[in-house]
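K.L.:
Got a sequence here, can you build the structure:
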Amino acid sequence: MISEVLDEPTPTPPPLPTSQPLPDPAMELLTDADIAMLFEGAPHFALVPRADEELLAEDEYAFEPAVTFPFGGGIEGGAGDCKPPGHPAFTLCTSRNPDEEGMVKEVPSMGSFMGAEPGTCGLEYFLMLPVGDSDRDHDEGYDDGMDEGGRERGGGLRERGGVRSMEIGYIVDRLKELGSIWQAKKRERKVRDEAQSSVEVVDQDEEEDMEEEKDATPTSVHMYTHLFTYVLFPPTRITTDDYLDPYSLKVQIMALIQTLAKKVWLDFSKVRWRIKLGQILWGDSIATGAAEEEDGAEYEEWKASAKESERVWLLLQILLACELLVRIDSVLSDNENMDHRRASVQSNQSLPESKEQLLRRLYEAGGAKVQWDILLARRWLENIRIVEMDAKPPPVENEREKSSFLAPPSRWFTFQQPSPEPSTPPTPDAQHITDALLLPRQSRRQVGGLLHFARKIRWPNVDALAQQAIARTPATPASSIYDTPPLAGSPISMHSTNSYFPGPVPPRSKRLRELASDVPTLHKKKSSILTVPSDMGYGGWLSRSYLTGLILPGEGLGHLIMSTLLENDPAAVEVLGYNANLYGGLQYMGKTWWSRYCVVGRVMAGCEGVEEECGWVGPVMGSGVFVEGEEGGVMMGQIPDGWVDVVTSPPLDGKTPRALEPKMIGFCGDVRGKGWKQGIELRRQQFVKVKNTAAATTADKLIDVQVKGLFFTLVEQQTEEDIDADFQSYDAAVHFLVGPQMGEKKLHVLDLRYDVSFVAAWPCNSTGDGHLLHESFEYINLRIEELGEFRFEEAEEKVVVVDVWNPGQRVFAYAWCAQRGRSAVVATRGRSCSSCAIREAFAIRLGVVVVV
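P.N.:
Residues are numbered from 1 along each chain as shown. Next up, the predicted model:
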């Protein structure tokens, strides 16, 4: 059988099919599902219209940054590109927090001022600074009928604002009463929120608040009667909606808004006046107004009268704002009876307004000016407690009081009683009738923030500072941090003709009107002068502003906390002098400290052992570089202890701000390619992997960069303005030694010529080597040793990516950016992939990415 089988002929196999070329995966078209899978966790950058766009004034910017994850995979917990505040006291720099929801917001957001990486800011701060509040406030002139506070001169409050004549004593009493009402309602909400808890912890500050709380919140009718009997004249017309309930909270709210909207009050929507809030309350000089130059005693008498008048005007404005806020809070309160709200707010509507609807209507009625008044009222009620004292003649000034930077309580308010004539509007100027002590409600928070700040930047003598500060923390309602003589011997106050917050003018100098209108934009000019006249008696308004917590959102917090630190360190003031450049830096006891508004601070923030807090950087190495010579060497480029003004120029990449080209951000940073539009086909080969920075050679990681020192060169004073300046100006440079750890190193001198910025990259959520990058995003990788020879002309329209592996390399890259005038995006390995950082750089038109 076997042989028979073997003998059978073998069948012919069928022909093979014709071979077809296999498809090239790289040429495959990508579907929407493919794109979603590839770019899950990749951020998308855009400028979108603000939710309240239709309510904005003509000069208010109508867009805001938005970072989204259109393909899913967003970062859990809302992690962003900036640091959280280092202490609860530092949240006062912004109104973008849960407790102040619905309040007006500062632009740019100070919550984005401190980026996630040393020396950086967040995307929002960088984008919005050129179109922020300071920019809108710049070079805005005043009409002939207006003073520098934005108020109409002439006329009276009765005709223009509907305000009754009242004594300063009533203003103080009513502010105290409103504070009690506010704290009582706050306490009620807290008790309700903690109903589930069996243990209640009350700190001492809260116990003091409880002692002054009212037993019950006044009714709408009671509040109506008080408002239109003692504060305002009754409205002459009532709308149809209010006809059935003329005593409603709505009637009261609208009357107060209409009064505050009049141009007889300070306008805190203008940046310059936010910092002057404390100067008007506690300063020894005039903050607003205009006057002709006068001689001798007559001019001094005018100044004293004008100063007291400004205080009362401000207190009256705060009173009206507090009256408004308490009523708004009554309407919006969670435990408000719904029927009561329906009757008192919307008499003819079946349902009351929502919180959003009411706030929107209020904004329409009062605009940004009244919104800032409301925010000021909230900060006042949350942070200030008033304790009245018996009226008595001002005490005789003695030498000990002269040396104090805080006036004794009896001198906090000494106002003149206005004329009792009914037809005459209140003109607050000059008769001592009452004394009022303004105490901080959050003293422990503010003192704790000061000590945290001092320890974080490792300020010398911090232990002695802590003992003194704790000793002056109030222990009873009658005591105050101002009761104990302070440490500093003289006040720090502000005085400059080119300052962000122009201050008082001495006799026979510029008129106040000229000074107040000469305010530069911060992003164009970072230097300002705070003058501490050695012959002034008291002052200390900067410290009082910080210690009371009466701070409006914006950059002021960083200036105030450093001023408070210095005013409590007499040894430092003795060395540094009474002129403070809070936009520059200082050298003291062999170290330097720098403002984040100075490029030296931003560059040196990357040094090992250097910390950042509340807009300040330190301790950084002192000035001077050891230069070897035939006789052993010498220190060069040193400066004496004191304040430093560093001269810089605007960055070279500072073209039209991206904020003025809102569509270009999304257009130039889309994951599907720069300039991608709907309908454009995408193929897999168009997306590439960015060089894996984690796979750098050992040689790259072991490049040793030593920061040899800071070298300063005195700038020759050429103009009369330079000669009259209170500070010497310097060019700054950083000296480096760069080379292999065990090999010969080369000296690099990088001049910090340009005022560049560093923007922390937004975090992404990727795996492996990071997200892919579309081929339209061209970039070039440079090593540290290659930076010195590189020219940006060689890589036009490309982003330069620099990988750094240690603090020395980071500072070198930062200084190189400052020398070449190029701002940079700073990405952190493991937090932001290089691909997303490059896209972000293209989106905001920056030419450098530093990967750390």
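
K.L.:
Just checking, which helix or strand of this structure averages the lowest pLDDT?
P.N.:
Of all helical and strand segments in the chain, the minimum by mean pLDDT, DSSP states H and E falls on helix 512-517, at a mean of 25.

K.L.:
neighbours around the nearest residue to residue 283 once chain neighbours are set aside, how many?
P.N.:
Residue nearest to residue 283 in three dimensions, not counting chain neighbours: residue 541, with 4.2 Å by C-beta to C-beta, 6 or more residues apart in numbering. For glycine as for every other residue, the C-beta is placed from the backbone atoms N, C-alpha and C. By the measure other C-beta atoms under 10 Å, the count of residues near residue 541 is 29.

K.L.:
Quick check: the gap between residue 541 and residue 465.
P.N.:
20 Å (C-beta to C-beta, to the nearest Å).

K.L.:
Next: residue 742.
P.N.:
From residue 742 to residue 465 the distance is 44 Å (C-beta to C-beta).

K.L.:
neighbour count winner among those two?
P.N.:
residue 465 (20 against 7).

K.L.:
In this structure that one contacts residue 568, no?
P.N.:
Yes. Using C-beta atoms under 8 Å, residue 465 is in contact with residue 568, at 5.8 Å.

K.L.:
picking up where we left off before, now the phi/psi pair for the residue nearest to residue 283, please.
P.N.:
Backbone geometry at residue 541, expressed as degrees, to the nearest 10, gives phi -70, psi -30.

K.L.:
I'd say it and residue 275 touch.
P.N.:
No. Residue 541 lies out of contact with residue 275 (C-beta under 8 Å); the separation is 9.9 Å.

K.L.:
okay, the residue nearest to residue 283: pLDDT?
P.N.:
Model confidence at residue 541, given as pLDDT, is 84.

K.L.:
Likewise for residue 757?
P.N.:
According to the prediction, residue 757 has pLDDT 97.

K.L.:
show me the contacts for the spatially closest residue to it that is not a sequence neighbour.
P.N.:
Closest residue to residue 757 apart from its sequence neighbours, by C-beta to C-beta, 6+ apart: residue 823 at 4.5 Å. Contacts for residue 823 (C-beta atoms under 8 Å, 6 or more residues apart in numbering) come out as 651, 653, 756, 757, 758, 759, 817, 846, 847, 848.

K.L.:
The nearest residue to residue 256 once chain neighbours are set aside: helix or strand, and which one exactly?
P.N.:
Excluding the flanking residues, the one nearest residue 256 by C-beta to C-beta, 6+ apart is residue 324, at 4.2 Å. Using DSSP states H and E, the element containing residue 324 is helix 296-332.

K.L.:
I'd like to know which elements that helix is packed against.
P.N.:
helix 168-193, helix 220-226, helix 249-260, helix 271-282, helix 338-345, helix 355-383 (3 or more C-beta pairs under 8 Å, 6 or more residues apart in numbering; DSSP states H and E).

K.L.:
can you map out the helices along the stretch 451-600 of the chain?
P.N.:
Secondary structure of the stretch 451-600 of the chain (DSSP state H, counting those that start in this stretch): helices at 462-471, 512-517, 541-548, 556-567, 570-576, 599-604.

K.L.:
Please enumerate the strands of the stretch 751-852 of the chain.
P.N.:
758-760, 773-774, 779-782, 799-803, 824-827, 848-851 (DSSP state E, counting those that start in this stretch).

K.L.:
quick revisit: of the helices and strands packed on helix 296-332, which is nearest residue 710?
P.N.:
helix 271-282 (29.7 Å; C-beta to C-beta).

K.L.:
Confirm for me that residue 369 is in contact with residue 269.
P.N.:
Yes. Here residue 369 reaches residue 269: they are 5.1 Å apart, a contact under C-beta under 8 Å.

K.L.:
about what we covered before: any chance of a markdown table for the helices and strands packed on helix 296-332, columns distance to residue 645 and mean neighbour count?
P.N.:
Formatted as a markdown table, the helices and strands packed on helix 296-332 follow (distance: least, C-beta to C-beta, whole Å; neighbours: other C-beta atoms under 10 Å):
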| stretch | distance to residue 645 | mean neighbour count |
| --- | --- | --- |
| helix 168-193 | 41 | 18 |
| helix 220-226 | 53 | 16 |
| helix 249-260 | 40 | 23 |
| helix 271-282 | 20 | 24 |
| helix 338-345 | 55 | 17 |
| helix 355-383 | 32 | 20 |
